[in-house]
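Trainee: Next input, structure requested:
(2 chains)
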There are 2 protein chains.
Amino acid sequence: MFNTQDTICALSTAAGPGAIAVIRISGTKAFEITERIFSKTLAGADSHTAHFGRIVRSDKSILDEVLLTVLHAGKSFTGEETVEIACHGSQYIQQELLKLLLQNGCRMAEAGEFTMRAFMNGKMDLSQAEAVADLIASESRKAHEIAMNQMRGKFSGELKDLREKLIHFASLVELELDFAEEDVEFADRRELKALVSEVIVYLESLISSFELGNAIKNGVPVAIVGSPNTGKSTLLNQLLGEERAIVSNIAGTTRDTIEEALNIDGILFRLIDTAGIREATEDKIEAIGIERSYEKIRQAQIALLLVDSLSYLEDKGGFELWAMEVKSQYPDKKLLVLFNKVDTVDPALLPQTVQGIPALAISAKHNTGITELKSRLVDLILQNKDLEQSTIVSNARHIEALEKALISLNQAKTGLEINVTGDFVAMDIRQAMFHIGSITGDISTDDLLGNIFSKFCIGK
Amino acid sequence: MFNTQDTICALSTAAGPGAIAVIRISGTKAFEITERIFSKTLAGADSHTAHFGRIVRSDKSILDEVLLTVLHAGKSFTGEETVEIACHGSQYIQQELLKLLLQNGCRMAEAGEFTMRAFMNGKMDLSQAEAVADLIASESRKAHEIAMNQMRGKFSGELKDLREKLIHFASLVELELDFAEEDVEFADRRELKALVSEVIVYLESLISSFELGNAIKNGVPVAIVGSPNTGKSTLLNQLLGEERAIVSNIAGTTRDTIEEALNIDGILFRLIDTAGIREATEDKIEAIGIERSYEKIRQAQIALLLVDSLSYLEDKGGFELWAMEVKSQYPDKKLLVLFNKVDTVDPALLPQTVQGIPALAISAKHNTGITELKSRLVDLILQNKDLEQSTIVSNARHIEALEKALISLNQAKTGLEINVTGDFVAMDIRQAMFHIGSITGDISTDDLLGNIFSKFCIGK
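Mentor: Got it, this is the predicted structure:
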């Protein structure tokens, strides 16, 4: 499927005009092809050296003055001979330079092909390669942290330990198998049972980390719902206002993607249907509002049920009925009641929970309780988990493999308990190892690789 | 206005997510600041060397693994100590890395500040610096060529020669002035007159190149006008179709900006109001169509007057009347009559010109005469000018300065003719030199520099 013999090139920096752009070339002919269009020879150039010179067309016309970095095979990202050309960032120059490279023997790189070559050449395993894409896509400190740990091999290391345990386990079982006819039981089955249980607990903890990992990676969708005039729009602005100010301080970077997102303690919360909140005319009939609220809660992971404190105290029953209905319709959503406009009532009259849903008194307008609200949002997600210490799995493919491994190990465990013969148990363990090996790419197919790397951007 | 003592940083690649991004740092503390956040020491690092390592925050957390290039003062683009950090292209990493640099003593660069420092440090003159921005903005081969020549100092060199001629001239006139009371006329006035005339002719040719330079730099607006059912939409698709195919071949680069543009022989033609052509229902009443045509011609530099060959032969008078009106209303527009659907008539019946406007027979549908049409479009713009040989001025500021210099030199010439005293002539020549010096930045003010560099992008 992938040809790794030829030399590939692609624009590696973001598309569009900029001050400079970087075009990357990797493969056995990277230096040879570059020399055909560069004003200087690269023969004898040390690895990790930069060279200023001109890109010259075959008709001697000058395309650009560039700074070109030479990276020798074994010392580059891909592990192959690599040249990185920093040219002026005009789209014309970018396109012409790529054309020139294609004319001189390069092929346009497929999406993710540089990283795939790094994997093929043993510079990183598959889960590390996947972390490169996650790293590039990460939008918050925690998502970045998970991707960075994974890229640097923390997860791979743990899986390696796990595989070693399973190999040891399998060898014990197989040793028993070899001598099965002699009816000798070498491995202490109690010890084996303890080992498999330990691995199962570990796998389960990895699998359970995915909910958090996924939330951190993709951002946590948050719905703000409530009747008209409860202050949804004011709360939205209060939450987003400060965020915008922080982001605007760093000039020259795009901020569209995080416009409606809130970064609290390094976790990204996406406020859904903010346009709906902003546009909503407050006199729409109630029925539509409620239906819409349910639709929003359905899309969210956290729903903030906003109520006007005064209205609540005047008609507790009405709101509690609604809260109860939300809770029963969406048992797996994380809910938080917000008593807004707390300054208009005596706070002592407001309860700590409504129908078992935790509640918080705030004033969106006067910025009361907003810091506490943010802290509560983070707690709802982290639930006392220590991110620094634990391994968090954030990749759906990995979880699928871990779940399959878990099934095999549970079968092995049952086998041991009901005393099936060693060969069945060994088969289950080998199956578990196969699934774990698919995460790091010890076992891989072209289809799998194609599927993984096609999701990368071109140039990486 | 500009502080050049501190160390500046900015994202130099295009905004948005990409595989990699480059952040540039320039100034006396570039190495010192970088070392505070980089996992390796840069002491003793040679210029033009690349270093792989980690960006580490003060709390020891790792922000990224990067390839960092060191460029020593005097050998960098700005002429200052420079570090270029190629990091992973996530927007989070870009922003965090910039934040980290700011925390450690960098200042965010203003638009164009790197290039301005290159100018301040004598790495290039002002017209070369301006060419850097033109180079980045260039969208076609010819626009790129003009910018590249200018950046590489061709124009600067010619202006330098011009200044030397004028200095020589002024010194001759001033020598005369010193001995004025002795009524000695050292400089041969005939020779002086010849010299000033020569310079005037040269300036005039530079100034007259601006129409072409401007057309090439910004693209040539072209209007396609004609009655309903003459085939405007078909012609548009025929012209743009091939272009699209070429552009689509280079993956990974944006192509939005040139969607409605046509690149012929390296010159960009912008087809205006293409949406209008595509959307136009052909049964709109004639009056609106004609009014709209006039508006389009007004915006264009070239107008293609499209007519159905058969309709033309049936009612020559009607079309000729319209052509005449267009010509008289827009005497400075370049016009070309296109007899479309030539396959439906005997081509011999169609004239070569209509009311003095050149005409061409085509079939948009069958791709007849389209190559000839493209060649005519280029001829209308180039008008036999040899781009390779001539210096083309494309910058409005330069033309303004050249025009002012011309006025001064014409005054000097008149002065010589009516035999005014040398001091007046010398004053005019000094004035001309001042204006020419303002182009290369030999004479510049903070206001002028601020105005020029604020138009650059950040990071250049």
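Trainee: Provide a list of residues in contact with A:S205.
Mentor: Going by CB atoms under 8 Å, 6 or more residues apart in numbering or on different chains, A:S205 touches A:S390. C-beta: built from backbone N, CA, C; applies to glycine.
Trainee: After the helix or strand encompassing it, which helix or strand is next? Please name it.
Mentor: Per DSSP states H and E, A:S205 falls inside helix A:189-218. Later in the chain than helix A:189-218, the nearest helix or strand by DSSP H and E is strand A:220-225.
Trainee: May I have that following strand as PDB, with CA atoms only?
Mentor: Below are the C-alpha coordinates for strand A:220-225, written out as PDB (Å, rounded to 0.1, in the frame of the first residue of the first chain):
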ATOM      1  CA  VAL A 220     -16.400  18.800  27.100                       C
ATOM      2  CA  PRO A 221     -19.700  19.800  25.600                       C
ATOM      3  CA  VAL A 222     -21.600  22.000  28.100                       C
ATOM      4  CA  ALA A 223     -25.300  23.100  27.700                       C
ATOM      5  CA  ILE A 224     -26.700  26.100  29.500                       C
ATOM      6  CA  VAL A 225     -30.500  25.600  29.700                       C
END
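Trainee: strands paired with that strand, and their directions?
Mentor: Strand A:220-225 sits in its sheet next to strand A:267-271 (parallel), strand A:302-308 (parallel), going by DSSP bridges.
Trainee: Kindly reformat those strands as TSV containing mean pLDDT.
Mentor: Shown next, in TSV, are these (pLDDT from 0 to 100):
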stretch	mean pLDDT
strand A:267-271	90
strand A:302-308	94
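Trainee: Quickly compare those and say which is most buried.
Mentor: strand A:302-308 (a mean of 24; mean count of other CB atoms under 10 Å in any protein chain shown).
Trainee: can you give me the offset of that one from its chain's centre?
Mentor: 28 Å (CA atoms, centre = their mean, to the nearest Å).
Trainee: could you point out which element follows it?
Mentor: Assigned by DSSP H and E, the successor of strand A:302-308 is helix A:309-314.
Trainee: what about A:A131, distance to B:L406?
Mentor: Using CB to CB, to the nearest Å, A:A131 is found at 63 Å from B:L406.
Trainee: Now do the helix holding A:S205 against strand A:302-308, angle only.
Mentor: Here the directions of helix A:189-218 and strand A:302-308 differ by 50 degrees (axes from the mean of the first three to the mean of the last three CA atoms, to 10 degrees).
Trainee: Which one of A:A131 and B:L406 is surrounded by more residues?
Mentor: A direct count of neighbours by other CB atoms under 10 Å in any protein chain shown for A:A131 and B:L406 places A:A131 higher, at 27 against 19.
Trainee: For the more buried one, what are phi and psi?
Mentor: Main-chain torsions, A:A131, degrees, to the nearest 10: phi -70, psi -30.
Trainee: Run through the residues that contact it.
Mentor: Listed by CB under 8 Å, 6+ apart, the contact partners of A:A131 are A:A147, A:M148, A:Q150, A:M151, A:F155.
Trainee: Look up how far A:S26 lies from it.
Mentor: 20 Å.
Trainee: could you pull out the helices for the stretch 351-460 of chain A?
Mentor: Remark: helices assigned in the stretch 351-460 of chain A by DSSP state H, counting those that start in this stretch are A:370-382, A:396-417, A:422-440, A:446-453.
Trainee: Point out the most buried one among those helices.
Mentor: helix A:422-440 (a mean of 21).
Trainee: Tell me which other helices or strands that one touches.
Mentor: helix A:126-137, helix A:154-178, helix A:396-417 (3 or more CB pairs under 8 Å, 6 or more residues apart in numbering or on different chains; DSSP states H and E).
Trainee: nearest to A:S363, of those?
Mentor: helix A:126-137 (36.6 Å; CB to CB).
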